[in-house]
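1. the following block contains a protein sequence and its predicted model.
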Amino acid sequence: MRFASPAGWTPLSPDYDPWDPIRSLQRYGRHRLTSVELTVTHLCNMRCEHCAVGDSLTMKEAPHLPLNAILRRLDELEALETISLTGGEPTFREQTVREIIVPVLKYARSRGIRSQLNSNVTLDYERYEQIAPYLDVMHISFNYTQAADFHRVGFARTGRDVSPDASARMYERMMDNARRLSEGGLFVSAESMINFRTHEKIVDIHKLIVEMGCKRHEVHPMYPSSFASHLPMLTREQMLAAIDRLLDERDPAVWMLFGTLPLFACSDDPEERRLIRRLRTEPNVTVRNDPDGRNRVNVNLFSGDVYVTDFAAIPAFGNVRDERLEDVFERWQRHPFQQGVSCHCESAACCGPNLLVSNMYYRDVDFRTRRAIP
Ligand code: SF4
């Protein structure tokens, strides 16, 4: 089956990434809510050692809120440009695919809104084939060079033994699904973390992602939140070296998107500024500003709770049952935590750090007093 965006839609590319909050900031002169992420399940067939939502995964879950009520809240957002669906593994239950995912994606198409599904693509291909005709980006995690890595990382927190053979079959299915979806024309974006396991093999991971036909390789450092909070952290030097190596050896035909980097154009460190310049000038490479709380909120489809960031441990900031999303968002823009990182340097196309990055590396820094160094 072939999957294609509707005729006339601008293709996603380094020049057009509607998830980047810098676009809405440039367009409206202030942060606007242009992006919504929906948590559609807390179930997952895996328990990755670094899972950023690991603490919220469950074995059973309650019914969803009525979808119509959620869509009416989305109707209120005139500037909405993107919807992301996340979990858990969103496709874990076939019923969620039929009753939530496909209707939300059809809704997005009807309004010209871009969509992304975050999936491990380890289940039957037919599940993804139902979704792909209405989807813009299939976002997968890929941090492996062989089945043994997948086994070590993907089931670390299951609390039961998963046999290497069963895990190897899932690994093969994941790669096969990614390949088939890519061959069908779907934009598959594979995300890797730079962490203690991957930093020395990041180039080999990149090569496998290219072989699967992915259109984009997304790279983020791992941060110590949720399940990852007990894992060893890299030094900044190790992280910078991994990024340089990847830039040296990547396939230049594949879009590389870096995100949540702890490096900024206002850094006092010339080495960090050199790397920022390199990232800005390499062809087919982009650095996405962090969307959380800047142009995006997350809505939990079970409780209706609205979160302004997936990473930093900030509790629900409102609830869709009794508040408009725009109102929650505007209240967050005035919050001291958000204001402390609310800087903007047009020359660097930068709108400041993610809260977790700021807490981890820049505790005493007021970014509003800093400027990008040319
Ligand atoms: S926007 Fe903020 S973080 Fe980015 S370069 Fe300027 S001062 Fe630094």
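-> All right, it came through fine.

2. tell me the contacts of residue 263?
-> Going by C-beta atoms under 8 Å, 6 or more residues apart in numbering, residue 263 touches 240, 272, 275, 276. Every C-beta, even on glycine, is put in place using the N, C-alpha and C of the backbone.

3. mind checking the SS state of the residue nearest to residue 174 when sequence neighbours are not counted?
-> In space, and not counting its chain neighbours, residue 174 is closest to residue 122: 4.6 Å by C-beta to C-beta, 6 or more residues apart in numbering. The assignment at residue 122 comes out as coil when based on DSSP: H, G, I helix; E, B strand; the rest coil.

4. who are the contact partners of residue 122?
-> Contacts of residue 122 (C-beta under 8 Å, 6+ apart): 45, 46, 89, 170, 171, 173, 174, 177.

5. which ones among those residues map onto helices?
-> Assigned to helices by DSSP state H, the following of those qualify: 170, 171, 173, 174, 177.

6. would you list these in CSV and tack on distance to the ligand and neighbour count?
-> Output for the ones in helices among the contacts of residue 122, formatted as CSV (distance: C-beta to the nearest ligand atom, whole Å; neighbours: other C-beta atoms under 10 Å):
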residue, distance to the ligand, neighbour count
170, 40, 21
171, 38, 20
173, 41, 15
174, 36, 23
177, 37, 24
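
7. wait, which of those residues is closest to residue 268?
-> Distance to residue 268 across the ones in helices among the contacts of residue 122 (C-beta to C-beta) is lowest for residue 174, with 42.1 Å.

8. so among the ones in helices among the contacts of residue 122, where is pLDDT lowest?
-> In terms of pLDDT, the lowest of those is residue 170, showing 91.

9. thought it was touching residue 163?
-> No. Between residue 170 and residue 163 there is no contact under C-beta atoms under 8 Å: 10.7 Å.

10. picking up where we left off before, do you know how far the residue nearest to residue 174 is from the ligand?
-> As judged by C-beta to the nearest ligand atom, to the nearest Å, residue 122 and the ligand stand 37 Å apart.

11. for residue 138, name its beta-bridge partners.
-> Taking DSSP bridges as the rule, residue 138 bridges to residue 117, residue 188.

12. what sits against it?
-> With contact taken as C-beta under 8 Å, 6+ apart, residue 138 is in contact with 116, 117, 119, 121, 128, 132, 178, 181, 186, 187, 188, 189.

13. wait, the second one sits on residue 131?
-> Meaning residue 117. Yes. In this structure, residue 117 is within contact of residue 131 by C-beta under 8 Å, at 6.3 Å.

14. distance of residue 284 from residue 192?
-> 17 Å (C-beta to C-beta, to the nearest Å).

15. and what of residue 60?
-> Distance of residue 60 to residue 192, given as C-beta to C-beta: 31 Å.

16. JSON lines for the contacts of residue 263, including pLDDT?
-> What follows is the contacts of residue 263, written out as JSON lines (pLDDT from 0 to 100):
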{"residue": "240", "pLDDT": "95"}
{"residue": "272", "pLDDT": "95"}
{"residue": "275", "pLDDT": "97"}
{"residue": "276", "pLDDT": "96"}
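
17. so where do the strands sit in the stretch 151-300 of the chain?
-> Along the stretch 151-300 of the chain, the segments classed as strands by DSSP state E, counting those that start in this stretch run 187-194, 216-221, 255-259, 285-288, 296-300.

18. which residue, other than its chain neighbours, is closest to residue 203?
-> Setting aside the residues directly before and after it, residue 203 is nearest to residue 249 in space (C-beta to C-beta, 6+ apart), at 4.6 Å.

19. isn't the one you found right next to residue 205, touching?
-> No. Under the criterion of C-beta under 8 Å, residue 249 makes no contact with residue 205, lying 11.3 Å away.

20. before we move on, the earlier item: between residue 284 and residue 192, point out the one with more neighbours.
-> Just comparing residue 284 and residue 192: by other C-beta atoms under 10 Å the higher neighbour count belongs to residue 192, 23 against 15.

21. isn't that one right next to residue 214, touching?
-> No. Counting by C-beta under 8 Å, residue 192 stays clear of residue 214, with 10.7 Å between them.

22. run a quick neighbour tally on residue 365.
-> Neighbours around residue 365, by other C-beta under 10 Å: 15.

23. give me the secondary structure label for it.
-> Secondary structure assignment for residue 365 (three-state DSSP): coil.

24. write out the residues of this protein neighbouring the ligand.
-> With C-beta under 6 Å from any ligand atom as the criterion, the chain meets the ligand at residues 264-266, 343-345, 348, 350-353, 367, 370-372.

25. and if we set it to 8 Å?
-> Contact residues (C-beta under 8 Å from any ligand atom) of the chain with the ligand: 264-267, 341, 343-345, 348, 350-353, 367-368, 370-372.

26. burial of whichever residue of the stretch 51-200 of the chain sits closest to the ligand, as a residue count?
-> Minimum separation of the stretch 51-200 of the chain from the ligand (C-beta to the nearest ligand atom) falls at residue 194, amounting to 19.6 Å. By the measure other C-beta under 10 Å, the count of residues near residue 194 is 24.

27. what distance do you get for it to residue 293?
-> Distance, residue 194 to residue 293, using C-beta to C-beta: 23 Å.

28. show me where pLDDT drops low in the stretch 51-200 of the chain?
-> Residue ranges of the stretch 51-200 of the chain with pLDDT under 70: 54, 156-159.

29. tell me where it has helices.
-> 67-75, 94-96, 102-111, 125-131, 147-154, 164-183 (DSSP state H, counting those that start in this stretch).

30. okay, the ones you listed, which one's buried deepest?
-> Mean neighbour count, computed with mean count of other C-beta atoms under 10 Å, is highest for helix 147-154 among these, reaching a mean of 19.
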